[in-house]
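[1] sequence and computational prediction follow.
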Amino acid sequence: MKIAIPSTDDNLGSFICNTLGHAPFIIIYDVESKKYNCIANSGFVVQDGAGLKASEIILENSADVLLTRKIGSKAYSVLMKEHIDIHLLSSDGTVKSAINKFLKK
């Protein structure tokens, strides 16, 4: 299983970005290998379609789950159509803490 998380920086100790589309980075964490990839989000700098750019990253990297604080309706529709399991987070924190909390459920 791979988990995607919008991040303010390029490592697991980074804070979760408040929005998916305008996150500077998308971290893809592989639960089996316990390794991660950090992808710069090209949607970070655009006005329109930022969420769709982030969605492309998530789909291209074969993520199964998205942990995010906020997601736009277009990105939500695209990811739901591709059967991505979307979890809205209710609190701030680091990418690592969100992954750990999700895996303990």
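    Received, thanks.
[2] tell me where the protein has helices.
    In the chain, the helices defined using DSSP state H lie at 50-60, 73-81, 95-103.
[3] nearest to residue 15, out of those helices?
    helix 95-103 (7.6 Å; C-beta to C-beta). (Glycine included, C-beta is placed from N, CA and C.)
[4] how about the closest one: buried residues?
    95, 96, 98, 99, 102 (16 or more other C-beta atoms under 10 Å).
[5] pull the contacting residues for residue 93.
    Listed by C-beta atoms under 8 Å, 6 or more residues apart in numbering, the contact set of residue 93 reads 15, 16, 101.
[6] in TSV: these, plus distance to residue 42 and pLDDT.
    Formatted as TSV, those follow (distance: C-beta to C-beta, whole Å; pLDDT from 0 to 100):
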residue	distance to residue 42	pLDDT
15	20	97
16	19	97
101	29	95
